[in-house]
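Could you look at this predicted model? Sequence included:
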Amino acid sequence: MTTTRPERRLSRREARSRTSPAEVDHTVDAWRGVKAEGQDDISDSGSIFLRRRSWSLLRDLVRPYHRTLLVLLVVVVLANAARLAPPTLVQKGIDIGIPALVERDSATPLLVVMGAMIAAVLIQAAGNIYFVRESGRVGQRILLEIRQRLYKHFHVLDVAFHDRYTSGRVVSRMTSDVDAIAEMVQTGFSGLMTAVLTMLGVGVLMLTLDWHLGLVCLTSFPVLMLLVRWFSRQSAITYRSVREASAAVIVQFVESMTGIRAVQAYRREDRNGEIFDDLADRYRDANVKAFRLVAIFMPTVKLVGNITIGLVLLYGGYRVLHGEMTVGVLAAFLLYLRMFFEPMQEISQFYNTFQSATSALEKLSGVLEEQPKVAPPAKPVPLPRARGAVRFEDVHFGYGERPVLPGLELDIPAGQTVALVGTTGAGKTTIAKLMARFYDPGRGRITLDGVDLRDLADDDLRRAVVMVTQENFMFDGTVGDNIRFGRPDATEEEVREAARAVGADTFIDELPQGYDTDVAKRGGRLSAGQRQLVAFARAFLADPAVLILDEATSSLDIPSERLVQQALQTILANRTAVIIAHRLSTVEIADRVLVLEHGQVLEDGSPQQLMAQQGGRYAALHDAWVESLA
Amino acid sequence: MPAVSTVHPSTSPVSPDDDAREVRPRIAPRPARVRHSTSLWRLRTYLYPYGSRYLVMAVAAIAGVALSMAIPLMTQRVIDGPIARADQRGLLVLGTVAVAIGITEAVVLFLRRWIVALANNGSERLIRTDLYAKLQSLPMSFHGRWQSGQLLSRMMTDLSIIRRFLGFGMLFLVVNIVQIAVVVVLLLNLYWPLGIVVALSIIPVAWLCLVNEKRFTRLSRKIQDEQGDVASAVEEGVHGLRVIKSFGRFAHLYSGFERRTQQLYETSMDRVKLSSRFLTFLEVIPTCTMIIVLGMGAIATARGDLTIGTLVAFITLLLSLIWPVAALGFLLAMTQEAMTAADRLAEILDAESPLVDGTKVLEAPRGHLRFEHVGFRFDDADQNTLTDVNLDIAPGETIALVGGTGAGKTTMTALVSRLVDVTEGRITLDGVDIRELRIRHLRRLVATAFEDPTLFSMSARENLALGRSDASDADIEQAIDIAQAHFVHDLPWGLDTRIGEQGMSLSGGQRQRLALARAVLVNPTVLVLDDTLSALDIHTEALVEEALKRVLADVTGIVVAHRASTVLLADRVAVLSQGTIVAVGTHSELLATSQEYRELMSADFDAEVELEECGSRPHATDGHRSGARPEVDGEQPPDGRAPRHPDRSGDVRAEVAR
């Protein structure tokens, strides 16, 4: 379950009510409300504030293109005017061109009409190409800007934010939400412009051609608007249920495929099959509903259109009969009516893309509004060469209500290797993360060479302090690339040197292409232990003054671990190090051991001193460990 | 060979529903001759349950087209008839008929759309559930090869392509061709010179559409791929966020992201440019035709060859051709897409499972597990992962599997529950080859707790009872006790808390304990623990081991272990090295006799001293090195042969873990 797909997030509510019918829904929501602080929940309330925020984001994005948009507006009006011209010209051709030809044997009026039509076509073509291309360019530029701005912003935000927000939601913001906006940009906008202009233009033209008949045609307009309104509202609801149902299908699918081993080993197939059948049914039903909505809307538009045509034929024919109107005008009317009803679908569809784009914008503007809690300093104190002396001064820290460090005092002189020992929840990892400035302390301060971490520029801090965790994330690329991540400008030789130093060279040499072997998705080709070795090499290459190892050896088998330990003795010789480990064999290489509980230091001394301490916790741990080796 | 326990013949199936189930998947068999369209044609069987609805759809579509053509013809009658003759009553009659036709057209359209909605989505649903069932039945070897994202895109994207084709593309491909033909005939009939002009103008439009649609589709696919690239850059950035922050490497990562988004921008612009030209031509060509028709029509009218009503009808009919012609290219492209999608679906539905279900059932399983000359090789590997593994585990006995990274331990455990099948030799349970047993039955007897535990997003209780849904509260409580998983009671809703979701993420140790409790709860005959305790802290580990000892007393156990403390759970230890068992014995025996074991287990062992003695190259202690490993006395397996095949270690674990 390591892969969190964007779709999964969409349907949490779905999935929840599905698999645990026993749970009372509102209680779960309450739990979620506490845990899932964030944009999703606020956006449900749909306040004016949100709308204003997303509009201001939109304005901000559009600002560089104001002039282009103005030009585009002129062009689109021109192009549409040219597009609407042919039917009137057909009328002129019939009413003026043909009689002239018959009575005066003069082709000039007809040729003029035809010339005008050709001119209209040319204007239409040029205008259309220009409009679609340029409006597309503006849209794509805006998308590019959104993507890049979001990506940067997510990386500015602090780790605490990401802990809370979770990777799945980040991915979904950056993919499905951006896609929703893209859809509006790509199809919706220019389509809507054309549609609205067409309807307006046709309406005006019909009124000028013959206002009696024009009024008859325009009576259909309110009916159409009512229809569009009804359809838009209904389809917004229906499409949401379609999306939710499809997300539920995706969640179930992805979960059973990523966990297929457990599914098969525990014979879960039948139950899964039932659940999936059920979800597929719901997805089908939601889709059928959406289809049927269209099945009502489209024919009704058609009905209104056809009845209008019939009426025009009757009333127009009547007027022609009484000489109040020409046949050409009637023909033009019939052609315009066709144009009048065509954009209906466009308009109704736009509403949908518009709605999902707005809700996406609301979420994105919310993310962009977030400010990092771990802020870069306004006036950074330069620290080009850190020595590595770390001090915790009365550091308080807690996750939410739960205090983890109640006033920690700790002084680690430069060059010392400190091991942290203690039960789960003692605060070991928190100390490590505070040192790497993933979080800032609630009270008190942490200093590096006497400088508060909050006053250090990010570059200086990261050069000085590096943390290796059990996560061991592998980036796409080769093994060599992954080691070089520690120092992108390192030479090939330096990369190999780093691998050798931590004992990773043996397995790398045996890989099909050595250092050039692709690690495949998320390092799937490497075992957990091998990934840890690569992570070690990466950290070694970075050559920091302070190295933090958080459970960095937990997945190694004993021989590899022993190798790493030997390597560590040289690696750690000239730098400050903080080691967190479950295995005491790793702890033993430390100069100093701290036994922690509830964020307080219970024992502090060299391994030998603590071992000798009668009734001490470390001594007890050590005895148990020695016993286990026997 | 020990005594065989009672074996039940195939006559009494364990789960009767297995046999009663209809034949799935429903897809038609593959014909002898395979063409590009074959897969799509084979999906026809999914239409059968909704046959009558599809028939109505076809009839309604044709009727609709006919009616839509009738309206311009009526217009012509009105203009040339009553209007020309000043016949007010005729106008009323014909006008009313026109209105009636219009209403009928709308009703027919409604019927078609309404009726086909269910058929269309129903067919899609049938394919979807078939796919899912098929995928669940395919073995790990299949899933190892396929990324779940690939499967997902088949399940959602390809299926919706097929749905659109079934409900729309398929039908209108035929209807549009018919409509074009009919209209052209009508036009030729009305006034043939103009009819020829129109017929000729269709050719460039259709050709342009086809060419551009192909380009358009290609660009769209490219955009999809590039969107995927951007998405994976996003995922990489967010999943590796802590590492990136820790090393301060944002700029490094961002440059990659920027390049990909830029690429996406450029391809998107290519598509915008293409569509700006294409869409414009689609509008311009009919207008041009109209100009020609008007000119020629006017001359013809002036000469009396054509009535004005006919000219109007002509132009109206001409306009009614725009959509069917333009759509032709689009429909052809859609058909191509549907064929490709169908191929991709058939690929899965046709996938053969190398795992053949057995028929036998053990009546009173005792748990005597035997590996007999077992070998295993991954499909795409050129070397064995396991070779000639021999191991006899008596009922109730527990064996610890010990070996370096990549020695084949996880693969060996996966063989027992047939998540993968042996490629050489055989594994027997109570004397019966496990391939002869019903898989469901076997997997009920064997429970495995994986190193990387999979939790599903359902309640903690359901996660625990995954392998035994009828477990009582007392059973669950007992399993929680054994695995020291009491923390579940402290979750906001105790056992009913949904886990595996944001905010409720459990630590590695907690997940492992749940997975362990899950395996114990099954109450299996054979319990397999694949390094299940690696993420536990020392205190918890000690407690769990204490409890496990009691459980393992009654069942046959295989315990993959890295640490001495875990090894002590076992009665005997088997040392796995480079895919084969090199030593078997008790912990103390092996410490005395096997250097390999000492290397693996003893933290006091001084690798460097040993190295110098052996005169081998540096780092020779690394467990998964091939070839030139020093041979040391006492390391030979009891039977003395066991050829050691060097393997490409790293891949193996990863492969099984996937």
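Sure, I can see it.

after the lengthiest helix in chain B, next one along is what?
When chain B is scanned for its longest helix (criterion: DSSP state H), the result is helix B:250-302. Downstream of helix B:250-302, the next assigned helix or strand under DSSP states H and E is helix B:308-349.

Check which helices and strands that next one sits against.
Contact partners of helix B:308-349 among helices and strands, from 3 or more CB pairs under 8 Å, 6 or more residues apart in numbering or on different chains; DSSP states H and E: helix A:327-341, helix B:38-42, helix B:51-78, helix B:88-137, helix B:159-164, helix B:170-190, helix B:192-239, helix B:250-302. In this view, the C-beta of every residue, glycine as well, is placed from N, C-alpha and C.

out of the ones you listed, deepest packed?
Neighbour counts (mean count of other CB atoms under 10 Å in any protein chain shown) averaged over each of the helices and strands packed on helix B:308-349 peak at helix A:327-341, with a mean of 23.

Would that one count as contacting chain B?
Yes: residues of helix A:327-341 are located near chain B by CB under 8 Å from any CB of the partner chain, namely A:V327, A:L330, A:A331, A:L334, A:L335, A:R338.

ok, now stretch A:301-321?
Yes: using CB under 8 Å from any CB, stretch A:301-321 reaches chain B at A:302-303, A:305-307, A:309-311, A:313-314, A:317-318, A:320-321.

Endpoints of that stretch, how far apart?
29 Å (CA to CA, to the nearest Å).

tell me the mean pLDDT for it?
The average pLDDT within stretch A:301-321 is 88.

same question, stretch B:82-91
80.

What of stretch B:520-536?
What stretch B:520-536 shows for mean pLDDT is 85.

now do the same end-to-end measure for it.
With CA to CA, one end of stretch B:520-536 sits 17 Å from the other.

Of all the residues in it, which ones are buried?
Using 16 or more other CB atoms under 10 Å in any protein chain shown as the test for burial, stretch B:520-536 gives B:520-536.

Inside helices: which ones of those residues?
Per DSSP H, these map to helices at B:V520, B:L521.

Can you give me every residue that contacts B:D130?
Going by CB atoms under 8 Å, 6 or more residues apart in numbering or on different chains, B:D130 touches B:R24, B:P25, B:R26, B:I27, B:L349.

ok, back up a step: what's the angle from the longest helix of chain B to helix A:327-341?
Counting by axes from the mean of the first three to the mean of the last three CA atoms, to 10 degrees, helix B:250-302 points 160 degrees away from the direction of helix A:327-341.

relative to helix B:308-349, how tilted is helix B:250-302?
150 degrees.

what about helix B:250-302, distance to the chain center?
36 Å (CA atoms, centre = their mean, to the nearest Å).

same deal with stretch A:586-601?
40 Å.

Could you pull out the buried residues of that stretch?
Across stretch A:586-601, burial judged by 16+ other CB under 10 Å covers A:T586, A:V587, A:E588, A:I589, A:A590, A:R592, A:V593, A:L594, A:V595, A:L596, A:G599, A:V601.

how much space between B:Q224 and B:T157?
Using CB to CB, to the nearest Å, B:Q224 is found at 9 Å from B:T157.
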